[in-house]
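Trainee: Task: produce atomic coordinates for the following.
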Amino acid sequence: MDSKLTNFSQIPLNFWKDEYQNEWIVGNSNEIATKILIDFQGQILLSGPNFCGKKHIATKIAKLEKCNVFIADCMSDREIVAMYDQITVKNFKAIWVFRDRNFSADVLSRFNMMQKAEIYELTEDMIFPILSQRFANLGFDVRNDFVNFCIFHIPRTYEAVELCVRYLRQINEVSQRKFREFFRQEFR
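Mentor: Now for the predicted structure:
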């Protein structure tokens, strides 16, 4: 038997906690929230603008920390109060994600008891890597000058980045459909 096959060492595994930059772009707008979420205790309230990745990072952290994620905007006030109280009694960890819904005084009092992590509006240092990553996630090999062109023409918001990506995806879908139609007609 080949000695190279019998002598082996364990391959070190890099968990996302150590390498979270590969999954989540950290910059001025979310650096503090990211640090807080990595090692939080109890229940934490995560907030931020539309399309900033609240649910994305919450689910990544929940897998690492073995905790639950609750999307407060999708729950009734009664459900939030009941779940918060149950988690508090059992001393579980939970991430609560919310945007900007009006909550009852009971819910707000519970949210005020939680540690908070907030993602702020998009900053200049993050727009290029986020837009590039979003294009790459769709499988687009986009040149830097195209990304820069997009950046020059869109507002500095997470929502604008998302709309730009959705628009490019729609253009791609239309072009693929047109391409298939062309070949069907030409090669019957």
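
Trainee: How much space separates residue 188 from residue 181?
Mentor: Using Cβ to Cβ, to the nearest Å, residue 188 is found at 12 Å from residue 181. Backbone N, C-alpha and C define where each C-beta goes, glycine included.

Trainee: which of those two has more neighbours?
Mentor: Counted by other Cβ atoms under 10 Å, residue 188 and residue 181 do not tie: residue 181 has more neighbours, with 10 against 5.

Trainee: what about that one, is that helix, strand or coil?
Mentor: helix (DSSP: H, G, I helix; E, B strand; the rest coil).

Trainee: now swap in residue 136 and tell me
Mentor: Relying on three-state DSSP, one would call residue 136 helix.

Trainee: got a list of what it touches?
Mentor: residue 142 (Cβ atoms under 8 Å, 6 or more residues apart in numbering).

Trainee: Tell me the predicted confidence for it.
Mentor: Looking at residue 136, its pLDDT is 86.

Trainee: now residue 107
Mentor: For residue 107, the model assigns a pLDDT of 92.

Trainee: next structured bit after the helix-or-strand element of the chain with minimal mean pLDDT?
Mentor: None of the helices or strands of the chain scores lower by mean pLDDT, DSSP states H and E than helix 3-6, at a mean of 42. Downstream of helix 3-6, the next assigned helix or strand under DSSP states H and E is helix 31-38.

Trainee: Could you check the angle the helix or strand following that next one makes with helix 31-38?
Mentor: Using DSSP H and E, the next helix or strand after helix 31-38 towards the C-terminus is strand 43-47. Using axes from the mean of the first three to the mean of the last three Cα atoms, to 10 degrees, the direction of strand 43-47 lies 150 degrees away from that of helix 31-38.

Trainee: Flag every buried residue along strand 43-47.
Mentor: Counting neighbours by 16 or more other Cβ atoms under 10 Å, one finds that the buried residues in strand 43-47 are 43-47.

Trainee: what does stretch 59-78 give?
Mentor: 60-62, 65, 67, 69-70, 72, 75, 77.

Trainee: In strands only, show me the residues you listed.
Mentor: Using DSSP state E, the members of those that fall in strands are 69-70.

Trainee: and which of the buried residues of stretch 59-78 is nearest residue 116?
Mentor: In terms of Cβ to Cβ, no member of the buried residues of stretch 59-78 lies closer to residue 116 than residue 72, at 12.8 Å.

Trainee: what residues are up against the closest one?
Mentor: Contacts of residue 72 (Cβ under 8 Å, 6+ apart): 80, 96-98, 101, 103, 107.

Trainee: Kindly report the same for residue 144.
Mentor: residue 132.

Trainee: In terms of residue numbering, what are the domains of the protein?
Mentor: 20-118, 124-186 (automatic domain parsing).

Trainee: now, of those, which is deepest in the fold?
Mentor: domain 20-118 (a mean of 16; mean count of other Cβ atoms under 10 Å).

Trainee: Residue 99 and residue 158: what is the separation?
Mentor: Counting by Cβ to Cβ - residue 99 and residue 158 are separated by 12 Å.
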